[in-house]
Structures are given as structure tokens and as C-alpha cells.
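S.K.: quick one, fold the following:
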Amino acid sequence: MKFAVLVFPGSNCDIDCFKAVEETIGEPVDYVWHTATDLSAYDCILVPGGFSYGDYLRCGAISQFAPVMAEVAKAAEQGKYVLGICNGFQILTEARLLPGALLRNGSMKFRCHDVVLTVTNNQTPFTLDYEQGEEIVIPIAHGEGNYYCDEATLEQMKANNQIVFQYGDNPNGSLHDIAGISNERGNVVGMMPHPERAVNELLGSTDGKKMFTSILKAWRDQHDAANIR
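M.R.: Next up, the predicted model:
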């Protein structure tokens, strides 16, 4: 399985994502610059956190127009796995690959600390190794993590089981305590907490490991099924 870690001007969690893939599952992983126009070689695309293009205009607002994002959309349409973390989540909403938007934290302060999350949907390719309702500890680091969508969109997401993670103690004012969501198909997930920063005891938690092992498990299951056919 091959992973791509996108790199925009201002990305600062790309190395964390790269190392998390190396440490947790040992699969091939490459850095891919924002000007890339071909992601066909990759099975999973990680859109990392940071301050892409300095977070000018809005977080992720400029990144959505980067050449690589057309390829991310194509990969998502093909059923490949796309995970946006923090600024990556913001980019995916700006690119309309996920519904809703990320607003300034309700406190108007940057929040950087561990949070407790509940795994609300363990049936996505990113959460298969978690138990439904499992509580995990993952760090956050954001100033614009306040998830918002209109009521109709929220009800649709509930009906489609698109809410993947919820905060135990909401740190930013997110609607319905939402910490992470998926698209309807389930192959695109965005989340504000940083699982790549929770893969080693030295970092304070290993609860993020299961996200990466889940992705590999889902990919192998998919390919085993294809080979049987």
C-alpha cells in the first residue's frame, strides 16, 4: 500500500504524518508537493495540518485551488482513501470534499492539549480497529476547529452515519461536539485532532495508531475481495 503526504507552503505536520506511517505500519510513503498533477500511484492520501498558504483569507481557502487538489478529488471519486487532519480537514471542506466549515474556536483562543474523543462510527476504513463508542486520547492544536453546518446537513450526516468522532469535552464550540466526519461513501475523513501525534508512548498516547492500522486493514480486505472475484 502506498501513501502520499501532501505538502503545501506552510504545512508543518507533514513530517509527523510521514513518520506515523513509517512507525505504525511500515508501508511506502512519499511527500507530494502541492503542484503535483498525478496521484495515481497512491492508495491513501494524507492532507496534513499546519498553516497552508499562511491561512490567508480563510484556513484552506487558497489550498483548495492547488493543482494537487484536483487529483485528490479524482482519487476520492475512485474510492481511494483520503484523510485530512486539522488544516487538512479545513482544506477538504473548502474543496467541498466534505460538508460544512471550520470556524474560529468559540473561546477565540488557540487550543493545544489532549482531548478525549468518542469513536462514533467504527465502520469507516479509518476506524475499523476501534470499538464502537471507544474513548481515545488524541491531541488538538487549532484556532479554527469549530465545526459548523446547517441543520439539514447535520440531520443528513446523522442519517448517513457520517459523524466519525465526537469530543467528550467540547474544546472549541463545534456543533454536536463534532471532531471528525466522513463523506457519504466513507472513504474521505476529516478530523481536527491529530492522530499522527498519538502513535508513541513518548508522545503521551498511542491511541492514534489504530487509525493507520485500520487504513491498511481496509485496503488489504478490499484487495483480497478483488482477488477472490
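S.K.: C-alpha from now on. contacts and neighbour counts both.
M.R.: Noted.
S.K.: which residues in the chain form strands?
M.R.: Taking DSSP state E as the test, the strands found in the chain are 3-7, 29-33, 44-47, 81-85, 101-103, 111-119, 135-142, 146-148, 163-167, 178-182, 188-191.
S.K.: Thr127: what's it in contact with?
M.R.: 119, 121, 210-211, 214-215 (CA atoms under 8 Å, 6 or more residues apart in numbering).
S.K.: identify the residues contacting the closest residue in space to Ile140 that isn't next to it in sequence.
M.R.: Setting aside the residues directly before and after it, Ile140 is nearest to Pro193 in space (CA to CA, 6 or more residues apart in numbering), at 4.5 Å. Residues counted as contacts of Pro193 (CA under 8 Å, 6+ apart) are 85-86, 138-141, 179.
S.K.: which of those residues lies closest to Asn200?
M.R.: Ile138 (11.5 Å; CA to CA).
S.K.: for stretch 48-58, give the mean pLDDT please.
M.R.: Averaged across stretch 48-58, pLDDT comes to 93.
S.K.: can you show me the CA trace of that stretch as PDB?
M.R.: Extracted in PDB, the C-alpha atoms of stretch 48-58 (Å, rounded to 0.1, in the frame of the first residue of the first chain):
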ATOM      1  CA  PRO A  48      -1.700  17.200   6.900                       C
ATOM      2  CA  GLY A  49      -2.100  20.000   9.400                       C
ATOM      3  CA  GLY A  50      -0.300  23.400   9.500                       C
ATOM      4  CA  PHE A  51      -0.900  26.800   8.100                       C
ATOM      5  CA  SER A  52      -1.200  26.200   4.300                       C
ATOM      6  CA  TYR A  53      -0.500  29.500   2.400                       C
ATOM      7  CA  GLY A  54      -0.300  31.200   5.800                       C
ATOM      8  CA  ASP A  55      -4.000  30.600   6.400                       C
ATOM      9  CA  TYR A  56      -4.700  33.800   4.400                       C
ATOM     10  CA  LEU A  57      -8.300  34.600   3.500                       C
ATOM     11  CA  ARG A  58      -9.600  31.500   5.500                       C
END
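S.K.: chain center to it: distance?
M.R.: Distance, stretch centre to chain centre, for stretch 48-58: 15 Å (CA atoms, centre = their mean, to the nearest Å).
S.K.: just the residues contacting that stretch, thanks.
M.R.: For stretch 48-58, contacts defined as CA under 8 Å, 6+ apart pick out 5-14, 17, 59-63, 84-88.
S.K.: stretch 95-105 now?
M.R.: Contacts of stretch 95-105 (CA under 8 Å, 6+ apart): 64-65, 69, 73, 90, 92-94, 143-150, 153, 171-173, 181-183, 188-190.
S.K.: residue ranges in the protein under the pLDDT threshold?
M.R.: With pLDDT under 70 as the threshold, the chain has low-confidence stretches at 228-229.
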